[in-house]
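Q: Predicted model, plus sequence, below.
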Amino acid sequence: MTPVRAGVLGALLLIAAFVLDMSLGSRLTIGAVRPDVTLAALVPLAMAVRSGPAAGLGLMAGLLEGSFVSLSLGSLAVSRTLAGWAAGLLEQRLFRDNLVVTMAAGVMASLIADGVFFLLAPQPLVAQYASVGLGRAVYAGFLVVPFALAMRKLYPATHL
Amino acid sequence: MTDAKPAGCWRRFLPVVLCMFLGTGLGVWHNAAVARGANDPVTNVLRTVLAPMVAATDAVADWTTDTFTMLFRGRRLAAENARLRRQVARLTDEVNHLREMQARAANLEQFLPFVQSKPPAKLAAPVIAIGPGPGIGTLVVGCGIRQGVRAGAVVVAPQGLVGHVLDVSPTTSAVLIACDPRSAVGAMVQRPESRAIGICHGLGNRLLRCSYLTREADIRPGDTMITSGLGGPGGIYPKGIVIGTVISVQDDLARSAKTAVVRMAVDPGRLEEVAVLR
């Protein structure tokens, strides 16, 4: 697969995950924890490419989410950029085909995304935000699994 | 060897720095556009293109859920149907009674020198998406500038208040839900012998905190809170829309006042259709 084709495929997958997020996200809510399906798709995608393109995919995820949230678009874009970039860095250091590594990366990326978002756009209810953020991180850890398995089929062991 | 390391470092960080600058710039652009009551072109394009896809996926998910529900929950649905029929009968009786009261009130109003206020027109809109952001209570509805929606318009559901429009694109609008921590609504106890006035701030999870109630305010759990028509961003909420039910009341000794926690009548997570007041 050429790098351009891989990049276009990644962008299309991210859009598909975002559409699923918007239509199914509220149905998958557990308690107050609504999963971030877009971020869960971003993590294995970012781990399949290098950190540079991963940052671009993160920016795209942030803009997609921000366009539907309307509030804090810039904060969402920057926080997802950093989360995608951090997951992309793992690609150069860890064996990405290990599902446990991918799950840990999902938890880490979610914590980075929500943590950076909080720094850029402080939330009024800190304790509630923190507890929901932890729940989202755990949820993201499990939610990356189906995406990681799909990514293995779509992305062979080549890099952008 | 010594030159290669900084160059590699720079190459590694350049994309993420560029993306962060781009994200920040787009965010600033978006905020400036929203402050003018409009929307930036990037958000407009993304929302206009993706909203139909989200709506279609949502419809497929609804159909699937309904089919499985019919298959596996038939008996429970029958019981629910019977309960709802009884509820409809009771509500029909209540509506008839209220119609009679309305007619009598209209007759009496003729003798009062009050200014008659025209109720706002309602525009039905499907809920396309419920905000994905962390700690943010927004939803996207399927009507926008083309349908005559403007920023600040009030959004309601049959059960009561939903929120107000934050920004509009040609075919969609983003709505800030009343239970979002950034939201404030002028509120009043509906009970005629109380009519205590306060301001409801969002707490998330369908809850609002009603503050600025006087210490003597007659408010108790079970009371229905309605919009007071006072305050809010530009005084946008018209009087008389149901906000929710009081679930607890506390004495705020520090401020010599009372605060109450209100559960929204509307469950934003289950909304399928709303009405935008014009």
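A: Ah, there it is.
Q: could you pull out the strands for the stretch 51-200 of chain B?
A: Using DSSP state E, counting those that start in this stretch, the strands found in the stretch 51-200 of chain B span residues B:122-130, B:138-141, B:154-157, B:160-168, B:173-177, B:184-189, B:197-204.
Q: Residues of the stretch 51-200 of chain B that sit close to chain A?
A: Contact residues (C-beta under 8 Å from any C-beta of the partner chain) of the stretch 51-200 of chain B with chain A: B:53-55, B:57-58, B:61, B:65, B:128-136, B:138, B:140, B:166-167, B:174, B:176, B:181-182. For the C-beta atoms, the positions are set from N, CA and C on the backbone; glycine is no exception.
Q: show me the contacts for B:Y212.
A: Applying C-beta atoms under 8 Å, 6 or more residues apart in numbering or on different chains, one finds that B:Y212 lies in contact with B:197-199, B:257.
Q: Show the pLDDT at it.
A: Looking at B:Y212, its pLDDT reads 88.
Q: neighbour-wise, which of the contacts of B:Y212 leads?
A: B:G198 (26 neighbours; other C-beta atoms under 10 Å in any protein chain shown).
Q: Dig out what that one forms beta bridges with.
A: B:A187 (DSSP bridges).
Q: That one reaches B:A187, doesn't it?
A: Yes: B:G198 is within contact range of B:A187, at 5.3 Å (criterion: C-beta atoms under 8 Å).
Q: shared neighbours, these two?
A: Common neighbours of B:G198 and B:A187, using C-beta under 8 Å, 6+ apart, are B:C210.
Q: out of everything not next to it in sequence, what's closest to residue 120?
A: The chain I'm using is chain A. A:S75 (3.9 Å; C-beta to C-beta, 6 or more residues apart in numbering or on different chains).
Q: my bad, chain B
A: Nearest non-adjacent residue to B:P120, counting by C-beta to C-beta, 6+ apart: B:L277, 4.1 Å away.
Q: how many other residues sit next to the one you found?
A: So B:L277, with other C-beta under 10 Å, has 19 neighbours.
Q: That one reaches B:R150, doesn't it?
A: No: the criterion here is C-beta under 8 Å, and B:L277 misses it with B:R150 at 10.8 Å.
Q: dump the residue contacts of residue 138.
A: Going with chain A. Counting by C-beta under 8 Å, 6+ apart, A:V138 touches A:V107.
Q: Wait, chain B was what I had in mind.
A: By C-beta under 8 Å, 6+ apart, B:T138 lies in contact with A:68-71, B:131, B:166, B:174-177, B:180.
Q: Return the entry from these with the maximum number of neighbours.
A: B:V175 (31 neighbours).
Q: Enumerate every residue touching that residue.
A: B:138-141, B:155, B:162-166, B:274.
Q: secondary structure element for the residue nearest the centre of chain A?
A: Geometric centre of chain A, nearest residue: A:L39, 2.2 Å, by C-alpha atoms, centre = their mean. A:L39 is part of helix A:37-48 when elements are defined by DSSP states H and E.
Q: what helices or strands is that helix leaning on?
A: helix A:3-24, helix A:51-69, helix A:73-91, helix A:99-120, helix A:126-154 (3 or more C-beta pairs under 8 Å, 6 or more residues apart in numbering or on different chains; DSSP states H and E).
Q: and these as CSV, adding mean pLDDT and distance to B:L213?
A: Formatted as CSV, the helices and strands packed on helix A:37-48 follow (pLDDT from 0 to 100; distance: least, C-beta to C-beta, whole Å):
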stretch, mean pLDDT, distance to B:L213
helix A:3-24, 87, 38
helix A:51-69, 91, 32
helix A:73-91, 91, 34
helix A:99-120, 92, 31
helix A:126-154, 90, 23
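Q: Now do the same contact list for the residue of chain A found nearest chain B.
A: In chain A, no residue comes nearer to chain B than A:G74, which is 1.6 Å away by C-beta to the nearest C-beta. Neighbouring residues of A:G74 by C-beta under 8 Å, 6+ apart: A:66, A:120, B:23-28, B:30-31.
Q: Leaving out chain neighbours, which residue sits closest to it?
A: The nearest residue in space to A:G74 (C-beta to C-beta, 6+ apart) is B:G27, at 1.6 Å.
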